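In: here's my sequence, what's the structure:
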Amino acid sequence: SICLRVAVKMMTSLGCTCETASNGREALAVLSKDPCSFDMVLMDLRMPVMDGIEATSLLRKDEALKDIPVAAFTAEELQEEDVIPMGFDTIVNKPAS
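Out: As a prediction, this is how the structure comes out:
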């Protein structure tokens, strides 16, 4: 998607190495392969198969993944105080700049 490409470009311009997933289930699989190689997760709230809210909830229950910081990535009009109870650490609103 366009948002994914923009997010990757933004993160790589900041010196980050990126792994991508097209849905929450795929994201959990990627993270589970090598949890120590991830410093943070930028998790889109709305994805097919498994959304970011469910994926983050499952991530928080996994002993190997639970301490990885997760930022909600959304076009919805949400604030940090809206996403913290969902298990996120912060929020990045689309379009990100």
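
In: beyond the lowest-mean-pLDDT helix or strand in the chain, next helix or strand please.
Out: Least confident helix or strand, the chain: helix 2-13 with a mean of 84, by mean pLDDT, DSSP states H and E. Scanning forward in sequence from helix 2-13 by DSSP states H and E, the next helix or strand is helix 24-33.

In: mind listing what the helix or strand that comes right after that following helix pairs with, with the direction of each?
Out: Next in sequence after helix 24-33, counting helices and strands by DSSP H and E, comes strand 41-44. Note on strand 41-44: by DSSP bridges, its sheet partners are strand 70-74 (parallel).

In: hey, C-alpha coordinates of the partner strand in PDB?
Out: As requested, the backbone C-alpha atoms of strand 70-74 are provided in PDB (Å, rounded to 0.1, in the frame of the first residue of the first chain):
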ATOM      1  CA  VAL A  70       4.500  -0.500  19.700                       C
ATOM      2  CA  ALA A  71       3.300   2.700  18.000                       C
ATOM      3  CA  ALA A  72      -0.200   2.700  16.600                       C
ATOM      4  CA  PHE A  73      -0.200   4.000  13.000                       C
ATOM      5  CA  THR A  74      -3.600   5.400  12.000                       C
END
